[in-house]
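[1] sequence below, structure please.
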Amino acid sequence: MTKEKLEQESFQVADANAGACKRSILSSTRSLQAVHIECAGQRKSSTDLRVEVLSPENVKISGKIVVGEGANPMTINVNADAKWLSAACGDAQ
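    The predicted structure is shown next:
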């Protein structure tokens, strides 16, 4: 992924709430991108995401999403490890 593609497309909010969301890049290097997204529309939410390139074949993703407000907001914790397998997917569509 190119630097330009990361700056233009990474962590875009793609729903009806998107117009009410503000994205802040907390860190952006060759091996790390961390962002904070705050949405104040109908569905208030706060998101912190971190994508770290560990090697050319391995990426680690972590984050926390809080949706709603008041006494019982929903909290989602995200943790994923991605591994490059191949440039071709075979018969997968």
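[2] what bits of this structure have low per-residue confidence?
    1-19, 89-93 (pLDDT under 70).
[3] the helices in it, which residues?
    Here the chain has its helices, by DSSP state H, at 3-9.
[4] residue boundaries of the strands in it?
    21-28, 32-39, 45-55, 58-67, 74-83 (DSSP state E).
[5] now render the ones you listed as a markdown table, adding mean neighbour count.
    All C-beta spots, glycine's among them, are computed from the backbone N, C-alpha and C. What follows is the strands of the chain, written out as a markdown table (neighbours: other C-beta atoms under 10 Å):
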| stretch | mean neighbour count |
| --- | --- |
| strand 21-28 | 12 |
| strand 32-39 | 17 |
| strand 45-55 | 16 |
| strand 58-67 | 15 |
| strand 74-83 | 10 |
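[6] show me what I25 is bridged to.
    Beta-bridge partners recorded for I25 (DSSP bridges): V35.
[7] so it sits against I37, correct?
    No - with contact defined as C-beta atoms under 8 Å, I25 does not count as touching I37 (10.3 Å).
[8] distance of V51 from G41?
    25 Å (C-beta to C-beta, to the nearest Å).
[9] then I76?
    18 Å.
[10] before we move on, what about G70?
    Distance from G70 to G41, by C-beta to C-beta: 16 Å.
[11] which one of those two has more residues nearby?
    Each of G70 and G41 has its neighbours counted (other C-beta atoms under 10 Å); G41 has more, 14 against 6.
[12] pretty sure that one contacts K22?
    No - using C-beta under 8 Å as the test, G41 is too far from K22 to be in contact (10.9 Å).
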